[in-house]
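Got a predicted model here, sequence first, then my questions.
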Amino acid sequence: MSTLVVGVAGGTGSGKTTLTRALIERFPGKTSVIFHDNYYKRHDELTYAERSKLNYDSPEAFDNALMVEQMKHLIAGNPIDCPVYDYTIHNRSEETQRIDPAPVLIVEGILIFAEPEICDLIDIKLYVDTDADVRILRRIKRDVVERGRTLESVEKQYLTTVKPMHELYVEPSKGRADLIIPEGGHNLVALDMLIHRIDRQLA
Ligand SMILES: Nc1ncnc2c1ncn2[C@@H]1O[C@H](COP(=O)(O)OP(=O)(O)O)[C@@H](O)[C@H]1O
Ligand SMILES: Nc1ccn([C@@H]2O[C@H](COP(=O)(O)O)[C@@H](O)[C@H]2O)c(=O)n1
């Protein structure tokens, strides 16, 4: 079985997961997905307060070697036990998740195109492009409702690390994309083109 690797990058809150979900729904049973976020480094040695101050928007925050190794396993047709990240504690959880290989491997994350070894394994590179004001509004809502954060902590993190790292690493990585998609999973024209391209691979 040959594997088509589709990368979905873009800033925080841009709509990456929405696009990823739209692709999974269109190809039931034919996709496996891995999220770069699940490969954030473990920090058991730090307290919650110390972990909450770390920079989570730089390539060094991730265990990229493990992600590359597991991507290669999936591409070779073998299952993996993927780490599972828990944003509410700023740490990797004790669980792992079994992921089986599939004809289409979707890889999602803000920094996947900023890491050459990950980028080199991706066949179709998609960058979801959304204005920064829209993204921060979405992020505030999500981080407070789903990730147990306060408004003040979201604001502080955004200004100290998220925004500068976006400008340093995420935005420049757009240049490595094959396709730049405004509106992500809601862009029906782009979605249709992608579906045709993936259909061709699966035929
Ligand atoms: N094109 C869009 N128009 C309006 N809302 C969107 C669009 N794409 C995503 N969203 C919403 O924005 C929020 C963040 O989207 P998500 O896909 O989780 O972003 P990311 O994975 O890039 O952080 C979600 O609530 C999602 O429903
Ligand atoms: N403990 C953590 C780990 C990561 N983040 C933030 O997640 C963002 C990436 O996820 P998206 O779904 O928004 O793409 C990234 O910008 C990190 O700042 C966090 O807040 N806490």
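Now that the structure is in, tell me what you want to look at. Ligands and ions are numbered 1, 2, ... in the order given.

For the nearest residue to R42 once chain neighbours are set aside, give me its contacts.
With sequence-adjacent residues excluded and distances taken as C-beta to C-beta, 6 or more residues apart in numbering, R42 is closest to R92, at 4.4 Å. C-beta here means a position set from N, CA and C on the backbone, and glycine is covered the same way. For R92, the contacting residues are N38, Y40, K41, R42, P83, V84, Y85, D86, by C-beta atoms under 8 Å, 6 or more residues apart in numbering.

Could I get the buried residue list for the helix or strand hosting R92?
R92 is located in strand 91-99, with elements delineated by DSSP states H and E. For strand 91-99, a neighbour-count test (16 or more other C-beta atoms under 10 Å) marks N91, R92, I99 as buried.

What of stretch 144-154?
R149, V154.

Distance from that stretch to the middle of the chain?
Here stretch 144-154 shows a centroid-to-chain-centroid distance of 20 Å under the convention C-alpha atoms, centre = their mean, to the nearest Å.

can stretch 21-35 be found next to ligand 1?
No. Using C-beta under 6 Å from any ligand atom, stretch 21-35 stays clear of ligand 1, coming no nearer than 7.6 Å.

Touching that stretch from outside, list them.
With contacts defined as C-beta under 8 Å, 6+ apart, stretch 21-35 is touched by 6, 20, 67, 70-71, 74, 80, 82, 85, 99-109, 185, 191, 194-195, 198, 202.

Thanks again, I'm all set now.
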